[in-house]
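K.L.:
Predicted model follows, preceded by the sequence.
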Amino acid sequence: MTILQQPDALSLSQNLKEFHISSDVQVSFILKQGGVEILSQRYDPSADGHITINLRDIVHARLSYQLIESGQVYEQSSLASDFTAMINDTTLTFRVIRSGIDRLADSAANFLTQNFLTWQPSIKPVTYYSPEFLTYYATIPCVAKLRAYFTDTSGSVISQTDYTVAEMVAGIAYTIPLQYSVVAGWLDHKLPAYYDIWVENLTGQRLTYIQRYYAEDMRTEQEQWILFENSLGGLDTFRAYGTTTFSGEHTHNLAEIDEISQEYRVDTERKFQKNTGHLNQDERKWLLDFFPSQAKYLYAGNYLRQIVVTESNVSYTDRALPSNYTFTFKYADARPLLNLPRTDIPADVLSITVPEVGSFTVPPRLAEFPRLPLSEGALFPIQNPYSEEWGITTAEAFATFVGQQLAEFAGSGGGIGHQHRNIDLLNLLSYVAEYLLVNNKKIKAGYADIAGDIEGDKYIHKDRVDRTDYLLQFGEFIDSLIAGKGAGIYPDGRAQFNSLEIRDSLTVLPYHKRNSCYGRGFLFL
């Protein structure tokens, strides 16, 4: 196995070289990022013993740009990374940065050393608040320097101030915020006419070109600031100051229930068509980098909001200057909601002239009036019989008045409009299985259903003299008492017991039957 080509030690992800391998047998290939395996494959050689492995898309997708809205320099920890390729027993390590250049004729290391990660013009106008960022990958230890120029009213430079922005370590990408207000804060709130930034090595030798920003007012009231990740891996800002056209598209989804149509869902899409405004030759070439970008932001008010471009018209004639582009965008997280600021303060005194009301004519017949659906708030003209002034009343007030009048006319007879003073109790009454219930509970007369039996001849009373023509039985009574169990009192006066114990006395009265006489005596216990 022979490796004919491999990625450079420092490579751009979009310009990453392919692996070219010469082999007669199958090759095992493993790719790791920071010790984590992300690819494991086996490749069979072609008929001529050649193997090509392209890692461009895989590696590029593993890198990303981080946008942090901060006024401090910060590191891009995921913009560059080390990768390790294990081909059979051979191990190769290379570093890749998320970037790409069309037909790169120089090494990635040389380009990164000499350039910021942007294609924006090297002289750029900015406003006080428009966000600006520069990203730089340090191939060697270096320092980012800034020089601010202060001018007089005639535009002549009267002083300048140098400022060390950041000291950078080799092998790390840095993002530098260069918003005018941030730079003014670095300079003790002094306002420069313009300022330059560059990168130099530790001995003071300049490595990059000089990027210049100069202060400018907003060009139009329609100016908007749009940011995007460029193809070099940095973040650019351009000021779109052309006209803005809004269009709201609504798809009304209807459902008909009982011959009544309802909107059960309305799909809303709000789009904005924006014109860039006039572009010079450098700007129109630079903004070609905006449309392929997959991360675009709009500086809305005081925060960044991600957008997506749905349509674009990007064309120009080489001899026609200035030129412009038009594109249509919508918010990436768009929802059919509003958030409108309430910052307007009403004036203390308003001067308003009431317009004159023109004359109008009332149709002579009621049939000529338009029909109005009746509701509680419908108005009726009304007049007191002793007044010439007209008033109004509502259908609800009219219905209430009529109801009260009907109640008074009906009185307590239960006719139209009759009202029950005990309506709450009546609402609690119910009737189930011949029982009257209050709030689903029996009225407290639980023994009323057996009262008739007690008052009749069915039961022997305890509170008055009573009698029965039936045998009174005690215990395990048997009519004939043959088994010798139980006790009984018979209607003819006889009684049978197994035993009889009398505690105090026993009186036996004479009883005549068949001319027989029983004795009378006393038994004392």
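P.N.:
Cool, got the structure. Values in this document were obtained by computation on a predicted structure and should not be read as measured data.

K.L.:
contacting residues around E263?
P.N.:
By CB atoms under 8 Å, 6 or more residues apart in numbering, E263 lies in contact with 252-254. Every residue, glycine included, has its C-beta placed from N, CA and C.

K.L.:
Tell me the one among the residues you listed nearest to I140.
P.N.:
Closest to I140 out of the contacts of E263 is N253 (61.5 Å), distances taken as CB to CB.

K.L.:
how close does the closest residue to that closest one other than its chain neighbours get to H250?
P.N.:
Nearest residue to N253, sequence neighbours excluded (CB to CB, 6 or more residues apart in numbering): R265, at 4.5 Å. To H250, R265 is 11 Å away according to CB to CB, to the nearest Å.

K.L.:
what number of residues lie near L207?
P.N.:
Residues near L207, counting by other CB atoms under 10 Å, number 18.

K.L.:
Could you shift the numbering so residue one becomes 295, and keep it that way?
P.N.:
Fine by me, first position is 295 from now on; the one you just mentioned is L501.

K.L.:
State the distance from it to Q473.
P.N.:
Look at L501 and Q473: by CB to CB, they are 24 Å apart.

K.L.:
before we move on, what about W519?
P.N.:
10 Å.

K.L.:
Can you say which helix or strand has the residue nearest to N547 in it?
P.N.:
Element membership for R559 (DSSP states H and E) is strand 554-569.

K.L.:
can you check L794 too?
P.N.:
Judged by DSSP H and E, L794 forms part of no helix or strand.

K.L.:
Phi and psi next, for it.
P.N.:
Main-chain dihedrals, L794, degrees, to the nearest 10: phi -130, psi 120.

K.L.:
Would you mind giving me the confidence score for it?
P.N.:
pLDDT for L794: 77.

K.L.:
hey, where'd the helices end up in the stretch 445-594 of the chain?
P.N.:
Remark: helices assigned in the stretch 445-594 of the chain by DSSP state H, counting those that start in this stretch are 474-480, 575-580.

K.L.:
Could you pull up the mean pLDDT of the helix ranked longest in the chain?
P.N.:
Counting residues, the longest helix found in the chain (DSSP state H) is helix 689-704. Mean pLDDT, computed over helix 689-704, is 82.

K.L.:
following that helix, which helix or strand comes up?
P.N.:
Per DSSP H and E, the first helix or strand lying C-terminal to helix 689-704 is helix 717-722.

K.L.:
does the residue nearest to the spatial centre of the chain sit in a helix, a strand or a coil?
P.N.:
By CA atoms, centre = their mean, the mean C-alpha position of the chain lies nearest to R629, the distance being 9.7 Å. Recorded secondary structure, R629: coil (DSSP: H, G, I helix; E, B strand; the rest coil).

K.L.:
Which residues are in contact with L666?
P.N.:
By CB under 8 Å, 6+ apart, the contact list for L666 reads A672.

K.L.:
Which ones among the contacts of E557 lie within strands?
P.N.:
Among these, the residues falling in strands (DSSP state E) are 546-548.

K.L.:
Now the longest helix of the chain - C-alpha only, PDB.
P.N.:
Listed next in PDB are the C-alpha coordinates belonging to helix 689-704 (Å, rounded to 0.1, in the frame of the first residue of the first chain):
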ATOM      1  CA  ALA A 689     -83.000  44.700  23.400                       C
ATOM      2  CA  GLU A 690     -81.600  43.200  26.700                       C
ATOM      3  CA  ALA A 691     -83.100  46.000  28.800                       C
ATOM      4  CA  PHE A 692     -86.400  45.800  26.900                       C
ATOM      5  CA  ALA A 693     -86.500  42.000  27.600                       C
ATOM      6  CA  THR A 694     -85.800  42.500  31.300                       C
ATOM      7  CA  PHE A 695     -88.500  45.100  31.600                       C
ATOM      8  CA  VAL A 696     -91.100  43.000  29.900                       C
ATOM      9  CA  GLY A 697     -90.300  40.000  32.100                       C
ATOM     10  CA  GLN A 698     -90.700  42.000  35.300                       C
ATOM     11  CA  GLN A 699     -94.000  43.400  34.100                       C
ATOM     12  CA  LEU A 700     -95.400  39.900  33.200                       C
ATOM     13  CA  ALA A 701     -94.400  38.700  36.700                       C
ATOM     14  CA  GLU A 702     -96.300  41.500  38.300                       C
ATOM     15  CA  PHE A 703     -99.400  40.900  36.200                       C
ATOM     16  CA  ALA A 704     -99.400  37.100  36.800                       C
END
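
K.L.:
and it, what other elements does it pack with?
P.N.:
Applying 3 or more CB pairs under 8 Å, 6 or more residues apart in numbering; DSSP states H and E, we find helix 689-704 packed against no helix or strand.

K.L.:
Mind jotting down where the strands sit in the stretch 595-744 of the chain?
P.N.:
Ranges of strands in the stretch 595-744 of the chain, per DSSP state E, counting those that start in this stretch, are 597-607, 620-625, 673-677, 684-688, 723-726, 729-732, 735-736.

K.L.:
so where is the stretch 695-819 of the chain shaky, pLDDT-wise?
P.N.:
When residues are selected by pLDDT under 70, those of the stretch 695-819 of the chain lie in 704-714, 738-752, 766-780, 805-819.

K.L.:
so how many other residues sit close to the residue lying closest to N733 once chain neighbours are set aside?
P.N.:
Distances taken as CB to CB, 6+ apart put L722 closest to N733, at 4.7 Å, once the chain neighbours are dropped. L722 has 12 neighbours, counted by other CB under 10 Å.

K.L.:
got it, and N618?
P.N.:
N618 has 17 nearby residues by other CB under 10 Å.

K.L.:
got a list of what it touches?
P.N.:
Going by CB under 8 Å, 6+ apart, N618 touches 536, 569-573.

K.L.:
mind checking how far it is from D400?
P.N.:
From N618 across to D400, the span is 33 Å (CB to CB).

K.L.:
pLDDT of stretch 444-454, averaged?
P.N.:
The average pLDDT for stretch 444-454 rounds to 91.

K.L.:
repeat for stretch 509-517
P.N.:
The model assigns stretch 509-517 a mean pLDDT of 93.

K.L.:
One more: stretch 460-467?
P.N.:
Across stretch 460-467, pLDDT averages out at 97.

K.L.:
What's the end-to-end length of that stretch?
P.N.:
End-to-end span of stretch 460-467 (CA to CA, to the nearest Å): 12 Å.

K.L.:
swap in stretch 473-491?
P.N.:
Stretch 473-491: ends 12 Å apart by CA to CA.

K.L.:
contacts for that stretch?
P.N.:
Here stretch 473-491 makes contact (CB under 8 Å, 6+ apart) with 365, 420-426, 428, 438-445, 449, 451, 455, 457, 459, 470, 472, 504-509.

K.L.:
Report the contact partners of S372.
P.N.:
Taking CB under 8 Å, 6+ apart, we find S372 in contact with 357-360.

K.L.:
can you check Q327 too?
P.N.:
Residues in contact with Q327, defined by CB under 8 Å, 6+ apart, are 356, 375-378.

K.L.:
how about a cut-off of 6 Å?
P.N.:
By CB atoms under 6 Å, 6 or more residues apart in numbering, the residues touching Q327 are 356, 375, 377.

K.L.:
Filter these down to just the buried residues.
P.N.:
Among those, the ones that count as buried by 16 or more other CB atoms under 10 Å are 356, 375, 377.

K.L.:
Out of those, which is nearest to S322?
P.N.:
Of all those, the one with the least separation from S322 (CB to CB) is F377, at 16.7 Å.

K.L.:
Now do the SS call for the closest one.
P.N.:
Here F377 is strand, with the state taken from three-state DSSP.

K.L.:
Could you check how far it is from S401?
P.N.:
Remark: distance between F377 and S401 (CB to CB) = 18 Å.

K.L.:
same question, P630
P.N.:
Distance from P630 to S401, by CB to CB: 52 Å.

K.L.:
who has more neighbours, these two?
P.N.:
Neighbours per residue, other CB under 10 Å: of P630 and S401, the larger number sits with S401, 14 against 11.
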